[in-house]
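Chemist: Can you look at this prediction? I've put the sequence above it.
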Amino acid sequence: MGYGDPVAAGPLTRAHALALDDADPLASFRDRFELGDGDRIYVDGNSLGRLSAGAREALSEAVDEWGTRLVTGWHDWVDLPTAVGDELGAAALGAAPGQVLACDSTTVNLYKLAGAVLAAHAGAVVVPADDFPTDRYVLDGLAKAHGRELRMLESDPVAGPATDAVARAAHGAALVVLSHVNYRSGALADMPALTRAVQTAGALVLWDLCHSAGAVDVGLDAAGADLAVGCTYKYLNAGPGSPAFLYVAAPHQGSLQSPIQGWFSQADQFAMGPRYEPVAGIGRFLAGTPPVLGLAAVRAGIAVLAEAGMAAVRRKAAAVTALAIDLHDERLAGLGFTLGTPRDPDARGAHVSLRHPDAWRVCRALIEHANVVPDFRHPDSIRLGLPPLYTRYVDV
Ligand SMILES: Cc1ncc(COP(=O)(O)O)c(C=O)c1O
């Protein structure tokens, strides 16, 4: 495939990369971000996205609103988790309104949704053995608390879990938790096929979208997904510790209940009554007071993404990662590096993982001597995050 429209793949030279930037339909979006770090090449947006002018402005306005409105602001703030959730669902997740909340952290949202499933359904919990640690740790704790088996699924370190292996592990399970884009390899899972396989085996599927939300188009409703969680500080650029999100497909909302019986999920919140009765709909997965300031930045991140359009973002993610892979093949493969990311652009997200026995020292050298910020994942992966909104071909 070529490196984005309309210029096709060409020689692996700096001049060609500059030509690709000239032809990049998303090039102007880079100006929306604060690039005060001079010549530094930031390829760690898959850990923490850049600060945008829109997020700075939204945060400043939210602070002003806090200062002027004080407690009266809650009249509007109280609905932010559902309003921002709907915006996120439409712009980046392929979710119809009333199914997404912007709230809490990914870890807490995973605990709420997985706990809700285990309380309602008998059976084991399944997670890939190499999935992100917080997912495995939360599920381990929940499995113990509910007296369930935790099945750790072995999978290919580059390609990710195979559909038939997932289907086998899902038999007799209540819940299967999968990452849409793997945090280490960048492998993009086939969400529709895996969702079908899990559901056919009789379990529910919960997708971790941390590395896919804002990086690739996600179609939760179209895939028939049951549940999902994810963060907004990576490709949604909402800042360190920004509120996460959760998705519960409408048909499940009546039968699942959060294990955190917080007052924001109470049917008549301000009656302050003696008994907990969760509200109908997605609001029953709220816990406590929403993070209003952080939600302002999430909203700004969604707005930029909606303007760019997920289709264009996805095309550029495929193109910049393809350029990185071609450069790996030409210049690094002979130096002890191997590619830790799928070659098929339809099977990867927006980061590329290069493996090397000395990955840690290579990362340190890039940071200290080359003014490049990648990240390292134990034991041998150098991750290069290439967020389409602000990464140039010449950076690659
Ligand atoms: C795939 C994945 N899941 C979960 C998390 C953790 O989420 P949090 O610490 O925001 O709760 C991360 C963090 O990077 C992640 O990459």
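Modeler: Structure's in. What do you need?
Chemist: Up against the ligand, what does the stretch 251-396 of the chain have?
Modeler: Within the stretch 251-396 of the chain, no position is near the ligand by Cβ under 6 Å from any ligand atom. (C-beta placed from N, C-alpha, C; glycine too.)
Chemist: got the residue ranges for the helices in the stretch 251-396 of the chain?
Modeler: Ranges of helices within the stretch 251-396 of the chain are 292-308, 310-327, 359-369, based on DSSP state H, counting those that start in this stretch.
Chemist: who in the stretch 51-200 of the chain is up against the ligand?
Modeler: 105-107, 132, 134-135, 179, 183.
Chemist: can you rerun that using 5 Å?
Modeler: 105-107, 132, 134, 183 (Cβ under 5 Å from any ligand atom).
Chemist: What's the mean pLDDT across stretch 371-382?
Modeler: Stretch 371-382 carries an average pLDDT of 93.
Chemist: Now that stretch: buried residues?
Modeler: Under the neighbour-count criterion of 16 or more other Cβ atoms under 10 Å, stretch 371-382 has 372-377, 380-382 buried.
Chemist: Between these, which sits nearest Gln253?
Modeler: Among those, Arg377 lies closest to Gln253 (Cβ to Cβ), at 35.6 Å.
Chemist: For the nearest residue to that closest one once chain neighbours are set aside, the count of nearby residues, please.
Modeler: Leaving aside its chain neighbours, Arg377 sits nearest to Arg184 (5.2 Å; criterion: Cβ to Cβ, 6 or more residues apart in numbering). By other Cβ atoms under 10 Å, the residues close to Arg184 number 23.
Chemist: Leu236 now?
Modeler: 29.
Chemist: pretty sure it is in a helix, no?
Modeler: No. The assignment for Leu236, made by DSSP: H, G, I helix; E, B strand; the rest coil, is coil rather than a helix.
Chemist: residue contacts, it?
Modeler: Shown in contact with Leu236 (Cβ atoms under 8 Å, 6 or more residues apart in numbering): 49, 88, 92, 213-214, 242, 298, 301-302, 305.
Chemist: quick one: which of these is most hemmed in?
Modeler: Using other Cβ under 10 Å as the neighbour criterion, Gly214 leads these with 34 neighbours.
Chemist: With pLDDT and distance to His146 added, can I get the residues of the stretch 51-200 of the chain next to the ligand in JSON lines?
Modeler: Below are these laid out as JSON lines (pLDDT from 0 to 100; distance: Cβ to Cβ, whole Å):
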{"residue": "Ser105", "pLDDT": "98", "distance to His146": "21"}
{"residue": "Thr106", "pLDDT": "98", "distance to His146": "21"}
{"residue": "Thr107", "pLDDT": "98", "distance to His146": "18"}
{"residue": "Phe132", "pLDDT": "96", "distance to His146": "21"}
{"residue": "Thr134", "pLDDT": "98", "distance to His146": "18"}
{"residue": "Tyr183", "pLDDT": "96", "distance to His146": "26"}
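Chemist: Could you list the low-confidence segments of the protein?
Modeler: 1-8 (pLDDT under 70).
Chemist: ok, back up a step: pull the contacting residues for the residue nearest to Arg377.
Modeler: Per Cβ under 8 Å, 6+ apart, neighbours of Arg184: 130, 157, 340, 353, 377, 381, 383.
Chemist: Quick check on those residues: which are buried?
Modeler: Buried among these (16+ other Cβ under 10 Å): 130, 340, 353, 377, 381, 383.
Chemist: Ramachandran angles for the closest residue to Lys316 other than its chain neighbours?
Modeler: Closest residue to Lys316 apart from its sequence neighbours, by Cβ to Cβ, 6+ apart: Pro388 at 3.8 Å. Torsion angles at Pro388 (phi, psi; degrees, to the nearest 10) stand at phi -60, psi -30.
Chemist: Equivalent analysis for Val229, please.
Modeler: The phi/psi pair for Val229 (degrees, to the nearest 10) is phi -140, psi 160.
Chemist: Hmm, Phe245 and it touching each other?
Modeler: Yes. Using Cβ atoms under 8 Å, Val229 makes contact with Phe245 at a distance of 6.9 Å.
Chemist: which neighbours do the two share?
Modeler: Taking Cβ under 8 Å, 6+ apart as the criterion, Val229 and Phe245 both touch Asn109.
Chemist: Strands of the stretch 101-250 of the chain, residue ranges please.
Modeler: Under the criterion DSSP state E, counting those that start in this stretch, the stretch 101-250 of the chain carries strands at the ranges 124-128, 150-153, 173-179, 204-208, 227-230, 245-248.
Chemist: and those strands as a markdown table, adding mean neighbour count?
Modeler: As requested, these are exported to a markdown table (neighbours: other Cβ atoms under 10 Å):
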| stretch | mean neighbour count |
| --- | --- |
| strand 124-128 | 25 |
| strand 150-153 | 18 |
| strand 173-179 | 26 |
| strand 204-208 | 27 |
| strand 227-230 | 28 |
| strand 245-248 | 28 |
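Chemist: which phi and psi does the residue of the chain most remote from its centre have?
Modeler: Largest separation from the mean C-alpha position in the chain: Pro274, at 37.9 Å (Cα atoms, centre = their mean). Backbone torsions of Pro274, given as degrees, to the nearest 10, read phi -80, psi -20.
Chemist: could you measure it against the ligand, distance?
Modeler: Pro274 sits 33 Å away from the ligand, going by Cβ to the nearest ligand atom, to the nearest Å.
Chemist: ok, so what distance separates the most centrally placed residue in the chain from Leu204?
Modeler: Central residue of the chain (Cα atoms, centre = their mean): Cys210, 2.0 Å from the mean position. To Leu204, Cys210 is 19 Å away according to Cβ to Cβ, to the nearest Å.
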